[in-house]
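K.L.:
no sequence for this one, just the structure:
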């Protein structure tokens, strides 16, 4: 998969920086998610099923980038293609219910984020 996002793991948050025109189409230059807001981190083997949703951004063919609203949930997508993607499920009250991203190695990044979450839970961050 192409790496459509630069993901920076900071001390207190994950910062997502869309690459190229994805920042324009998604109407975001970056998105910071505090570790405290992340409920779970998974890797979706296939494209996340969206169904009918209201969209603010781009959704054409294999490309989804921007805000998507469905069943009262607000989600952020920046995915290209139909392969694996990183999915962050966020706690109620966070800016988004979930964030789905295309990244170079979704499994490795998921493991790194999970490590940060475990460190935060242990109070070692």
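P.N.:
Cool, the structure landed. Everything numeric here is computed off the predicted structure, so don't read it as measured data. Residues are numbered from 1 along each chain as shown.
K.L.:
for residue 98, what are its contacts?
P.N.:
73, 75-76, 87-90 (CB atoms under 8 Å, 6 or more residues apart in numbering). The way it works is simple: take the backbone N, C-alpha and C, and place the C-beta from them, glycine included.
K.L.:
Buried among the residues you listed? Need that as a selection in PyMOL.
P.N.:
Only the buried entries of these go into this PyMOL selection, using 16 or more other CB atoms under 10 Å:
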select buried, resi 75+76+87+88+89+90
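K.L.:
Show me which of the contacts of residue 98 is closest to residue 18.
P.N.:
Nearest to residue 18, judged by CB to CB, of those is residue 76 at 9.8 Å.
K.L.:
and the closest one, what pLDDT?
P.N.:
Predicted confidence (pLDDT) at residue 76: the value is 95.
K.L.:
Please, which helix or strand holds it?
P.N.:
Taking DSSP states H and E as the criterion, residue 76 maps to strand 73-80.
K.L.:
For that strand, enumerate the helices and strands it packs against.
P.N.:
strand 63-70, strand 98-101 (3 or more CB pairs under 8 Å, 6 or more residues apart in numbering; DSSP states H and E).
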